[in-house]
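Colleague: test case, fold it:
(2 chains)
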Protein chains: 2
Amino acid sequence: MLAEIITIGDELLIGQVIDTNSAWIAEQLNMIGIKVYQITSISDNKEHILTTLDEASKRAKLILITGGLGPTKDDITKHTLCEFFDTPLVFSEKAYANVERLFFARGVAVTELNRLQAMVPANCRVIPNPNGTAPCMWFEKEGCIFVSMPGVPFEMKAIMEEEIIPELLKNLNQVIIHRTILTEGVGESHLATIIEPWEDSLPPFIKLAYLPQPGMVRLRLTAIGTERELLQAAINKAENELMPFAGKFIFGFDSDTMESVVGQLLREKGMTVSTAESCTGGNIAHLITSIAGSSDYFKGSVVAYSNEIKEQFLGVPHQIMVNNGAVSEQTVIAMAEGIRSRFATDYAIAVSGVAGPGGGTDEKPVGTTWIAVVTPTETITKKFLLGDHRGRNIRKASLAALNMLRGKLMA
Amino acid sequence: MLAEIITIGDELLIGQVIDTNSAWIAEQLNMIGIKVYQITSISDNKEHILTTLDEASKRAKLILITGGLGPTKDDITKHTLCEFFDTPLVFSEKAYANVERLFFARGVAVTELNRLQAMVPANCRVIPNPNGTAPCMWFEKEGCIFVSMPGVPFEMKAIMEEEIIPELLKNLNQVIIHRTILTEGVGESHLATIIEPWEDSLPPFIKLAYLPQPGMVRLRLTAIGTERELLQAAINKAENELMPFAGKFIFGFDSDTMESVVGQLLREKGMTVSTAESCTGGNIAHLITSIAGSSDYFKGSVVAYSNEIKEQFLGVPHQIMVNNGAVSEQTVIAMAEGIRSRFATDYAIAVSGVAGPGGGTDEKPVGTTWIAVVTPTETITKKFLLGDHRGRNIRKASLAALNMLRGKLMA
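Modeller: Next up, the predicted model:
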């Protein structure tokens, strides 16, 4: 089954909102073997919506639409759907019950604007929206399914997970298996050269894609066929054969993140960590604590954005900073040892660098970054020459630091 | 002039990469008065690329294409462009000089894979890519401009800013003005009800859109016409007239962020801030330090993810936590006062809450969050009942805390 995603909203076409819905929907559909053929973003314009619906329904049998269903006046999607399906707009008791339920939970009265949200095209089946007042609508026309969902991501996601995916799962046949392999510390070109012999040996039904991001390159293997077991065995074989070529750069798989992998290792070992951050400004702590339950292994951080705080709260000797500067191997060692003893953790990470865009010197240009990891038995350090983009430098330094910790946790 | 954006890559259609390029490109084009009619994401499939290029060129006069130009083997875009323009692939000295320059800067020899990147369709003009080895290519055919750029965001952005936008600026006529007004602390429906009389009074050439995000709602005004001064005056008038209705929720405009607004206020006042973070886990420090130059007003943070650290490093009295719990008004006051005096800053923020998904109780369900802001003259606190989504709770609490600080800096 081929699907298309249509996202509606002027805000997408003037670039004030990034369309994150489509990627999420595409991922969910792929997991159940439905291939997305095209993603189309269009404005809140009736003629354009009508044309796009018509064209998409010629290419695919499932059309998922998001956006244009807020309680406010930029909403024209429902009227356009009525015209597309040649049906009137009617009041839905089911949709209104959902609006009432949500307002009751908040302890406020339903506004007239929200009452209007219960108006839907007469030919649709209303699908519950657990997290919002906009209705989700399921249509069928000439063998094609159309689902219109609100554009607010967490509302759309709940509807997809709880209602649409279970419904679609009923009519499956082809099997698609993905395996994503996550690498850190190697660029795309260099990785491609290293793994070329492996890539050339892949069977024709396995496709490889390189997905570079700041600080990491993901390798995605996709196998398509009819026998799930055979595909899975082939993917497993390919993955095992990759290890001799690129194993040292691989830190995780599929939906893993660097912070989830590190968190899992700390949890398994029953160990704790703390961070002392200068240029990363709390981002490592933020990444670690984005994982639910991280309080089991993360005790805290000192973000030391001034030299005085490095001295007073991390115990970095004044003379070390005078002699070597705040961005130096000696300073990050002292920072890491300082936070580890003060916060009484098993491991500690420290980072100090020139994130940019200002602050660089000839000797220490923007991007210069020192990282230290202290374990119960040793201290390791590494110097990085990152780029000149502040946000990317913070991201790369954070990932590199967590990966150094990961290396020690795996040892 | 109408434009379309085409993003190419299997990774987009299986949802492993979010298309952030299109929003950024659309924003840049809008700023110079070029309207984006449609954004289309398609796979690395020759026939599909050919069809999409053909259809887009019937609707628009400018087609911007990203993706499919990496050094690795999933690259078919260039061959497809040759077929579309009916031209052979040739070696470009200009493109190769760029590849050599980048490898020379890195101190490594050019690989054969990267040498192939200098092959381009014969009819294109090669546009320099300052940050990468993939060439950017400019084509013209039957009055339509096609620009093919690499998909790596920071490469594409440099090419757009330095080469494509200046080129396009030469042929402008219509004027579009946007003004985005940023609000925090009010939901979309409630805001819409409050500002309805103002919305109804807008002139017909000004369009309003609601752009909700976790923790904030953005209002976008768009005026289209021929006289820039008249449009600007109308936008200014509309903005002024909105203030009596929604002024107390407005924290910034256009590309402002909460952290940039707070940073600017601290800078203007010559004041400093520190943060003591529990449930936000360093995210407030991360937001503050994402702004270049933030070391001028941000001294640091203690992320206190355990009660012992709240006591030992922030000086929260043991008895306060025993009596009231870590998530309480008394605890956040002590945290904020503790970090302010220890880090010797003018202002301090403290947050403690139940981010979820675990850790909730009947008395303090998931989402319960206390925030304190201490200024040179007073201490304010606020309790929030956020939702049950960890990531959104962290984001909302961070924005709410910064907005409380903003309120005090404005007073």
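
Colleague: does chain B have contacts with stretch A:251-258?
Modeller: No. Using C-beta under 8 Å from any C-beta of the partner chain, we find that stretch A:251-258 stays clear of chain B, coming within 9.7 Å at best. All C-beta atoms are positioned from the backbone trio N, CA, C, and that covers glycine.

Colleague: so how far does that stretch reach from one end to the other?
Modeller: From its first residue to its last, stretch A:251-258 covers 7 Å (C-alpha to C-alpha, to the nearest Å).

Colleague: quick one: average confidence on it?
Modeller: Taken as a whole, stretch A:251-258 carries a mean pLDDT of 94.

Colleague: list of residues touching that stretch?
Modeller: For stretch A:251-258, the external contacting residues (C-beta atoms under 8 Å, 6 or more residues apart in numbering or on different chains) are A:178-184, A:216, A:260-261, A:287, A:399, A:402-403, A:406.

Colleague: and that stretch, which residues are buried?
Modeller: A:251-252, A:257-258 (16 or more other C-beta atoms under 10 Å in any protein chain shown).

Colleague: in JSON lines, list these along with secondary structure and distance to B:Arg125.
Modeller: Shown next, in JSON lines, are these (DSSP: H, G, I helix; E, B strand; the rest coil; distance: C-beta to C-beta, whole Å):
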{"residue": "A:Phe251", "secondary structure": "strand", "distance to B:Arg125": "41"}
{"residue": "A:Gly252", "secondary structure": "strand", "distance to B:Arg125": "42"}
{"residue": "A:Thr257", "secondary structure": "coil", "distance to B:Arg125": "41"}
{"residue": "A:Met258", "secondary structure": "helix", "distance to B:Arg125": "41"}
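
Colleague: buried set for stretch A:138-158?
Modeller: Residues A:138-139, A:145-158 are the ones in stretch A:138-158 that count as buried (16+ other C-beta under 10 Å).

Colleague: considering only these, which also neighbour chain B?
Modeller: Within the buried residues of stretch A:138-158, those near chain B by C-beta under 8 Å from any C-beta are A:152, A:154.

Colleague: out of the buried residues of stretch A:138-158, who's nearest B:Glu27?
Modeller: Ranked by distance to B:Glu27 (C-beta to C-beta), the buried residues of stretch A:138-158 are led by A:Gly151 at 18.1 Å.

Colleague: that closest one - that's part of a strand, no?
Modeller: No. Counting by DSSP: H, G, I helix; E, B strand; the rest coil, one finds A:Gly151 to be coil, located in no strand.

Colleague: for it, what are its contacts?
Modeller: Going by C-beta under 8 Å, 6+ apart, the list of residues near A:Gly151 reads A:7-9, A:21, A:66-70.

Colleague: ok, it to B:Ile176 distance?
Modeller: Distance of A:Gly151 to B:Ile176, given as C-beta to C-beta, to the nearest Å: 23 Å.

Colleague: do the same with A:Ile39
Modeller: Distance from A:Ile39 to B:Ile176, by C-beta to C-beta: 25 Å.

Colleague: in helices only, show me the contacts of stretch A:251-258.
Modeller: A:260-261, A:287, A:399, A:402-403, A:406 (DSSP state H).

Colleague: A:Tyr37 - that's part of a helix, no?
Modeller: No. Assessed by three-state DSSP, A:Tyr37 does not belong to a helix; its assignment is strand.

Colleague: quick check: it touching B:Ile14?
Modeller: No. Contact criterion C-beta atoms under 8 Å: A:Tyr37 and B:Ile14 do not qualify, at 11.5 Å.

Colleague: mind checking which of those two has more residues around it?
Modeller: Neighbour tally, A:Tyr37 and B:Ile14, criterion other C-beta atoms under 10 Å in any protein chain shown: the higher count belongs to B:Ile14, 23 against 17.

Colleague: which other helices and strands does the lowest-mean-pLDDT helix or strand in chain A contact?
Modeller: Among the helices and strands of chain A, helix A:112-115 carries the lowest confidence by mean pLDDT, DSSP states H and E, at a mean of 82. Where contact means 3 or more C-beta pairs under 8 Å, 6 or more residues apart in numbering or on different chains; DSSP states H and E, helix A:112-115 is packed against helix A:93-106, helix B:188-194.

Colleague: quick one: low-confidence ranges for the stretch 151-300 of chain A?
Modeller: Within the stretch 151-300 of chain A, the ranges that satisfy pLDDT under 70 run A:171-174.

Colleague: what residues does it have near chain B?
Modeller: A:152, A:154, A:178, A:180, A:188-189, A:192-193, A:199, A:207-214, A:218, A:220, A:222, A:275, A:277, A:280-286, A:288-290, A:292-295, A:298-300.

Colleague: if we go to 7 Å?
Modeller: Counting by C-beta under 7 Å from any C-beta of the partner chain, the stretch 151-300 of chain A comes close to chain B at A:152, A:154, A:178, A:180, A:188-189, A:192-193, A:199, A:209-212, A:218, A:220, A:281-283, A:285-286, A:289-290, A:292-293, A:295, A:298-300.

Colleague: buried ones among those?
Modeller: Buried among those by 16+ other C-beta under 10 Å: A:152, A:154, A:178, A:180, A:188-189, A:192, A:199, A:209-212, A:218, A:220, A:281-283, A:285-286, A:289-290, A:295, A:298-300.

Colleague: could I get the ones in helices among the contacts of stretch A:251-258 in JSON lines, plus columns for neighbour count?
Modeller: Shown next, in JSON lines, are the ones in helices among the contacts of stretch A:251-258 (neighbours: other C-beta atoms under 10 Å in any protein chain shown):
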{"residue": "A:Ser260", "neighbour count": "17"}
{"residue": "A:Val261", "neighbour count": "20"}
{"residue": "A:Leu287", "neighbour count": "27"}
{"residue": "A:Leu399", "neighbour count": "24"}
{"residue": "A:Leu402", "neighbour count": "27"}
{"residue": "A:Asn403", "neighbour count": "22"}
{"residue": "A:Arg406", "neighbour count": "22"}
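
Colleague: between the residues you listed, which sits nearest chain B?
Modeller: Of all the ones in helices among the contacts of stretch A:251-258, chain B sits closest to A:Leu287, with 8.5 Å by C-beta to the nearest C-beta.

Colleague: that closest one: what's it in contact with?
Modeller: A:259, A:398, A:402 (C-beta atoms under 7 Å, 6 or more residues apart in numbering or on different chains).

Colleague: element containing the closest residue to A:Lys46 other than its chain neighbours?
Modeller: Distance criterion C-beta to C-beta, 6 or more residues apart in numbering or on different chains; nearest residue to A:Lys46, sequence neighbours excluded, is A:Thr80 at 4.8 Å. Using DSSP states H and E, A:Thr80 falls within helix A:77-85.

Colleague: kindly report the domain assignment for chain A.
Modeller: A:2-171, A:175-253, A:267-410 (automatic domain parsing).

Colleague: deepest-packed of those, please.
Modeller: Mean neighbour count (mean count of other C-beta atoms under 10 Å in any protein chain shown) peaks for domain A:267-410 among the domains of chain A, with a mean of 22.

Colleague: let me see the contact set for A:Phe313.
Modeller: Counted by C-beta under 7 Å, 6+ apart, A:Phe313 has contacts A:302, A:304.

Colleague: swap in 8 Å and give it another go.
Modeller: A:302, A:304, A:338, A:342, B:300, B:302, B:313, B:342-343.

Colleague: on that earlier part again, turn the domains of chain A into JSON lines, columns for distance to B:Ala238.
Modeller: Shown next, in JSON lines, are the domains of chain A (distance: least, C-beta to C-beta, whole Å):
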{"stretch": "domain A:2-171", "distance to B:Ala238": "15"}
{"stretch": "domain A:175-253", "distance to B:Ala238": "39"}
{"stretch": "domain A:267-410", "distance to B:Ala238": "33"}
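
Colleague: these: which one's closest to B:Leu53?
Modeller: domain A:2-171 (13.3 Å).

Colleague: circling back to that earlier point, from the contacts of A:Phe313, which single one is nearest B:Glu27?
Modeller: Set against B:Glu27, the nearest of these by C-beta to C-beta is B:Gly300 (33.7 Å).

Colleague: give me the phi and psi angles of the closest one.
Modeller: phi 150, psi -170 (degrees, to the nearest 10).
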